[in-house]
Each structure stands twice: as C-alpha cells, then as structure tokens.
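Visitor: predicted structure and sequence below. I'll ask about it afterward.
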Amino acid sequence: MDTTSEASSAQERPKWDNKVQYLLTCVGFAVGLGNVWRFPYLCQIYGGGAFLIPYLIALVFEGLPLLYLELAIGQSLRKGSIGVWHSISPLLGGLGVASMILSFLVGLFYNTILAWVLWYFFHSFEDPLPWSQCPVNDNNTGLVEECVISTPVNYFWYRQTLNISPGLETSGSLQWWLVLCLASAWSIVYICFIRGIETIGKAVYVTATFPYLVLTIFLVRALTLPGATDGLLYLFTPDWSLLADPQVWLDAATQIFFSLSLAFGGLIAFSSYNPKKNDCERDAVFVGCINSATSLYASIPIFAILGFKATSNFNACVDGNILDLTNAFDIEERNITAENYEHWLLFLNSSDPDRVSGLKLKHCVLQNFLDQSASGTGLAFIVFTEAVIEMPGSQVWAVLFFIMLFSLGLSSMFGNLEGVLTPLLDLHVVPGWMPKEIFTGLICALSFLVALIFTLGSGNYWLEIFNSYVGSVPLLVIAFFEIIGVVCFYGIKRFSDDIEFMTGRRPNLYWRVCWMGISPVMLLVVLVAYVAVQVQTHPTYPAWNPQYEKFPEPEVKPYSDWVFAVCVLLSSAPVLSIPAVAVYRLVRRQTRSPTGHSYPNPYSNQNQDPNPYSNPAFTADERIQTFKAL
C-alpha cells in the first residue's frame, strides 16, 4: 500500500461519538471480574489494609505509566497494536502479533466464564434456588450422596453445572447446556460488536455503568446484615508483618498490571479512534484511578456478605453443638443459648470431660470461618451463592449479582475482541468483498468452536490452565518490550513531542523517569521473580473426585508431563512472535538483492538525521514505506 492510500485509510478511520463513550469503554475494559473476585481475596490473605501499600506503589510506578504509554501511542499513530509497533520499527512487528494472539486466547476462556454466569442467571429465578438443597437420587430412596457429603452449593457447581471429571486425564463429553450458554454468550458479544465502536459505544452506557449500580445496592444491603462488621474488620485490619513476604509485593505488582488490561492491544485500539488533539494523560489517570477505586469499592459489599456468611456458619456450628449437649446431658433446650454456650461448655468440661469429649463437638471459632478464603470462580459460584441462600429475597440478590458479573465480563470482552479485530483490519487481511460484520461473525464463530474444550467434563481444569499461564508471563514480556520500543526505537524525545502536540504540554519528570527506568526495571524484576517461583515446584491442581478418600476435600494432583508441556507452550507461544518477526526482518535485510532494484530513499537530504526513528521529518507512514522492503 502506498503512502496516499495509508493516509486515506487513516482519514476514514472510525471515531467515537463523544468522549464519554471512549472513557466508559476504557473503564469497562479495565474494570473486570478480577476487581470483584481477586482483589478482595488478595487483601484478605495479605494483611488486609497492609496490602494497599504495595498495591498503590505498583499502581503509581507500573500501572499508570504503562497505561499512559498505550493510550498515547495508539492516539498518536492511530493504528491497532500491529500497525503501531510496525510503524515504530518493523523489527517490533511481532509485538503487535503477540498482543493479538494473547487477546484471542484470553477471550476464549473469559467468555466461557460468561457462559457459566448465564447458566446461573437462568436458574436464579427458581424458587427455591437450585443450589439451596440436594436433589433426590435416581431410586427416589433419598438424597444424592455426593450432594449430602459435599453441600448443595458445591454439588450444583461441580456436578450439575460442570459435570466435572475426576481429573485432566478424563476428558468427559460436551455438556450440552454449557454449549448452549457458550453460544449465547458469543452471540451477545457479536451483537454488541457487530459494527465496531458504533455499537460498542452504545452498549457501554449499560455494561460499564450497571455494575456500579448493583454494587451500590449490594453495599446498602450488605452493611445491614448480621456479621457485616466482622467481615469488614477482617478485610481491612492491617497485618504489617506480611509486608516482609516477597510474594505480597509480587502479587500486588501483577494484580495492578492485569487489572488495568495492559498489553492486550485493546487500549491501543480504543485510543486510535480518538482525535489527535485529546488529553490522553488525563484519560490515563482517570481510568487508572477509577479501576483501583472500583476494586476497593467492590471489596466492601463482598466482604460484608462474606462476614455474614461466616457468622451464619458460626451460629449453625454453635447450634449443632448446643443440640448435642442438651441431648447428651438431658438439659432443657432453653437453658443453653448462644450467649451462654461458652460458659456451659466450660462447666460441662470440668464436671464430666470424658462425656463431653465423646460427643466430638465441632470447633466453633468465628475466625476460622472468616479464614475460609476463596477467589475466582470459587468466590462467585460457591462462596457467594451460599451466602445468598441465607439472605431474604435470595432470588433477587442472585439475579442482580449475576447480571453484574455478566456486565463486567461483557465490557472486558469488548476490549479483548477489539485487540484481535483492529490489528487484522489494519493489516487488510479481510477480503475486499467481505463486510466487516461477516468477518467479525467468523472470528466469533471460530472462538466459539475452539472454546468448546471448556465445556468438556475436564473443561474447568483447562480454563484454570489458560487463566494461570496465558495471562501471566506473556503480559509481562509484551509490556516490557512496549516500553523498550517507545524509549529505544521511537525515542523518548519524539514521544514527548507527540504528547505535547496532542495535549499541549510535555510529559513531566515523573512520567519520563518511570518510562526510562522505574517501570521497565519493575517489570523485569516481577517477571524474573514470577518465573523463579514457578520453576521451583511442579505445578498441581485441585481435582473434584467423589472417589477420593478425603472427599469433599479436593484431591491435589500434579500435572502430567504432557499437560505441563501445554502450560509451557501457552506461556511462550504468544511471545514467540516477537523474536521470530525480528529475526525474519533482519534476515530479509541481510539477504535482499543489491542489484536491479532500488528503494525509495528518504535520506536524500544529507542535512537530515538518517535515523528514521529519531528524525522528526519522517512520519510513521514514511517509515513503513522506507522499511517495506525489509
């Protein structure tokens, strides 16, 4: 393509209807399921309020600078991830390919979670809720044994939803109900995405704002529940000693990085639809702060409800012990209450300890119930659903909760799909006769077919593998090379000039110091530390196996060698394109024919800097034309 056609393509690039649509889309992409079910979990296990210290440090020196960089480079060059990095240097073309592959792989399992949410949403209208009681067995002689042993909530999730196999080695068959839910989830994504930002911009008015409405409703209700105060105290009481654990700082750095959805290419694509004159610095600070504030805001109702659940379980434990004591010692039921239970227990232990020990009373300590932490799918589909059962009007709260989860996930899916489609459209790989709507449908259909692996009996195990290995090392590697590409190839001076043109001011010392030193060093340290932690032990996974002797405890199984090889492949495959493209370009440069062909020479003016990366006389389109033959 010549320079004229490139310029024409840039002029025809779609634009946001208004600034609100753009900001809501970026906020919706950054704020996702992780804000609701991973951040509170990290606060819980890493010292409560003390965890906010490494988290905020990571936000200031890692998250915000990278977010600003992606928004600025996309807005400046007005291309998707592949076009941006190829414009800066053909040697970096693989960086955009890596982001595109990563977005595709993450979208596969992310939309599967939305399929699970739809399944629970459909069942939330039943009265009573299907996960509130055990079903009758096939012989109509009693309740299903697996459910009785494992609780109705676990049974509905593992058996009636996933129909999970006892391990990765047993694939199981496709679960038709999950296939239908997965098809529905991809259909909804396609409908919202059918005309690109034209339809996304309308959808985000709902998907990006509705979760905040639901969180506020939950906040008001949760704070009135018994035990809510215990949950909030448990969440925010700082344990400063845990800050000495390097794992705390590692998880804080990765959490802020992943929660902002950096390195996926979606933010670059979204910002490329902005006008040139737009304050991308203010946008980056706004989106980054809203994302972190949402994590804190979501933690309050979540842990208020978990405190209510812990209190309910504690009271049920005490009531069970009281019943055992009254029956064993022939005491009237009204004499022993929850308030005087401890005094009665001390008295009976002193008067008849052998008889009390023979009852095998449960150890009822509120702290132990609060310590039963959970994150990810465990928090959403087990812990929270169990808490909802105890709330008055449980159907209403279940419906609101799963609508909120679906809205959070759907707005994040927009960014994942944009990170795939925009680079492909910018590369003009779509045949001219094919409408964009049909091409988008083909991508969604292909994603649906590949994601069928997650609807197998072993699908949940595979989803955890994708979640752990696709969304970890590749993101860190891509982000590291993004900073290197801007600082070393594009040039920090040129980048600052572009920002001054777009915002009217040059980036201050804080931004420049982060880009040129602090951020890449932090990324490199986190990457090395993460890899070092992973290689020290062979990975394992919890399997749901009713034949396990300690069931309902999960059976911890090691990954077999071939599964471990898949894990390594998922961690490395997206980023292999970075060195592959660079090597290919270098080989082409060394082996091109020196005779019979001449390339356009933009260096004819000897007074100009012959380096197209540092010479402001060269535009991005001229750099593409210059290096096209390489």
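Guide: Perfect, thanks for sending it.

Visitor: hey, let's count contacts and neighbours off CA atoms from now on
Guide: Noted.

Visitor: in stretch 363-371, what counts as buried?
Guide: Neighbour-count burial for stretch 363-371 flags 364, 366, 369-370 (criterion: 16 or more other Cα atoms under 10 Å).

Visitor: which residues does it contact?
Guide: 231, 234, 306-307, 310-311, 313-314, 317-318 (Cα atoms under 8 Å, 6 or more residues apart in numbering).

Visitor: so how far is it off the chain centroid?
Guide: Centroid separation between stretch 363-371 and its chain, computed with Cα atoms, centre = their mean, to the nearest Å, is 30 Å.

Visitor: could you dump it to PDB, C-alpha only?
Guide: Taking C-alpha atoms only, stretch 363-371 is exported to PDB below (Å, rounded to 0.1, in the frame of the first residue of the first chain):
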ATOM      1  CA  HIS A 363     -14.700 -26.500  67.000                       C
ATOM      2  CA  CYS A 364     -16.700 -23.300  66.500                       C
ATOM      3  CA  VAL A 365     -14.400 -20.200  66.100                       C
ATOM      4  CA  LEU A 366     -15.600 -17.200  64.000                       C
ATOM      5  CA  GLN A 367     -12.000 -16.500  62.900                       C
ATOM      6  CA  ASN A 368     -11.800 -19.900  61.300                       C
ATOM      7  CA  PHE A 369     -14.900 -19.300  59.200                       C
ATOM      8  CA  LEU A 370     -13.500 -15.900  58.100                       C
ATOM      9  CA  ASP A 371     -10.300 -17.600  57.100                       C
END
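
Visitor: now, the buried residues of stretch 363-371 that are in helices?
Guide: Judged by DSSP state H, the buried residues of stretch 363-371 include 366, 369-370 as members of helices.

Visitor: turn the residues you listed into TSV, columns for distance to residue 139 and pLDDT.
Guide: Below are those laid out as TSV (distance: Cα to Cα, whole Å; pLDDT from 0 to 100):
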residue	distance to residue 139	pLDDT
366	39	82
369	36	80
370	38	79
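
Visitor: just give me the closest of those to residue 299.
Guide: Set against residue 299, the nearest of these by Cα to Cα is residue 370 (14.5 Å).

Visitor: relative to residue 402, how far out is the residue nearest to residue 297 when sequence neighbours are not counted?
Guide: Computed as Cα to Cα, 6 or more residues apart in numbering, the closest residue to residue 297 that is not its neighbour in sequence is residue 215, at 8.0 Å. Distance of residue 215 to residue 402, given as Cα to Cα, to the nearest Å: 12 Å.

Visitor: same check on residue 363?
Guide: To residue 402, residue 363 is 34 Å away according to Cα to Cα.

Visitor: got it, and residue 294?
Guide: 17 Å.

Visitor: remind me which residues of this structure are low pLDDT?
Guide: By pLDDT under 70, the low-scoring segments of the chain are 1-12, 47, 332-334, 372-376, 592-630.

Visitor: what's the domain layout of it?
Guide: Segmentation of the chain into domains, based on automatic domain parsing, reads 14-321+370-535+547-588, 592-630.

Visitor: pick the most deeply packed of the ones you listed.
Guide: Most buried of the domains of the chain by mean neighbour count (mean count of other Cα atoms under 10 Å) is domain 14-321+370-535+547-588; its value is a mean of 20.

Visitor: so how far is the longest helix seen in the chain off the chain centroid?
Guide: In the chain, with assignment by DSSP H, the single longest helix is helix 280-329. When distances are taken as Cα atoms, centre = their mean, helix 280-329 is centred 20 Å away from the chain's centroid.

Visitor: C-terminal to that helix, what's the next element?
Guide: Per DSSP states H and E, the first helix or strand lying C-terminal to helix 280-329 is helix 341-351.

Visitor: list the helices and strands the next helix or strand after that following helix packs on?
Guide: Proceeding N to C from helix 341-351, the next assigned helix or strand is helix 353-358, under DSSP H and E. On a contact count with 3 or more Cα pairs under 8 Å, 6 or more residues apart in numbering; DSSP states H and E, helix 353-358 meets no helix or strand.

Visitor: wait, residue 46 touches residue 240, no?
Guide: No: Residue 46 lies out of contact with residue 240 (Cα atoms under 8 Å); the separation is 9.1 Å.

Visitor: mind checking how far the residue nearest to residue 297 is from residue 484?
Guide: In terms of Cα to Cα, residue 215 sits 39 Å off from residue 484.

Visitor: and for residue 42?
Guide: Distance from residue 42 to residue 484, by Cα to Cα: 30 Å.

Visitor: what's the answer for residue 329, then?
Guide: For residue 329 relative to residue 484 (Cα to Cα), the value is 75 Å.

Visitor: same question, residue 476
Guide: From residue 476 to residue 484 the distance is 13 Å (Cα to Cα).

Visitor: picking that back up, report the angle between the longest helix of the chain and helix 341-351.
Guide: Orientation check (axes from the mean of the first three to the mean of the last three Cα atoms, to 10 degrees): helix 280-329 against helix 341-351 gives 40 degrees.

Visitor: quote the end-to-end distance of stretch 463-482.
Guide: Using Cα to Cα, the distance between the terminal residues of stretch 463-482 is 28 Å.

Visitor: quote the end-to-end distance of stretch 40-50.
Guide: Taking Cα to Cα, the first and last residues of stretch 40-50 lie 13 Å apart.

Visitor: give me the distance from that stretch to the chain's centre.
Guide: Distance, stretch centre to chain centre, for stretch 40-50: 18 Å (Cα atoms, centre = their mean).

Visitor: need the residues that contact that stretch.
Guide: By Cα under 8 Å, 6+ apart, the list of residues contacting stretch 40-50 reads 51-52, 234-243, 248, 251, 295-296, 298-299, 302-303, 373-375.

Visitor: stretch 185-205 too?
Guide: 14-17, 21-22, 24-25, 28, 111-112, 114-115, 118, 410-411, 413-414, 436-437, 440-441, 444-445, 448.

Visitor: kindly report the same for stretch 107-120.
Guide: Contacts of stretch 107-120 (Cα under 8 Å, 6+ apart): 161, 178, 181-182, 184-186, 402, 405-406, 409-410, 413, 416-417, 447-448, 450-451, 454, 463, 466-467.

Visitor: CA atoms only: put stretch 563-573 into CSV for me.
Guide: The C-alpha coordinates for stretch 563-573 follow below in CSV (Å, rounded to 0.1, in the frame of the first residue of the first chain):
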residue,chain,number,x,y,z
VAL,A,563,-0.1,-31.2,30.4
PHE,A,564,3.0,-29.4,31.8
ALA,A,565,4.3,-29.1,28.2
VAL,A,566,1.0,-27.4,27.2
CYS,A,567,1.4,-25.0,30.1
VAL,A,568,4.8,-24.0,28.9
LEU,A,569,3.5,-23.7,25.4
LEU,A,570,0.7,-21.4,26.5
SER,A,571,3.2,-19.2,28.4
SER,A,572,5.6,-18.9,25.5
ALA,A,573,3.5,-19.2,22.3
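
Visitor: so how far is it off the chain centroid?
Guide: Centroid displacement of stretch 563-573 relative to its chain, using Cα atoms, centre = their mean, is 19 Å.
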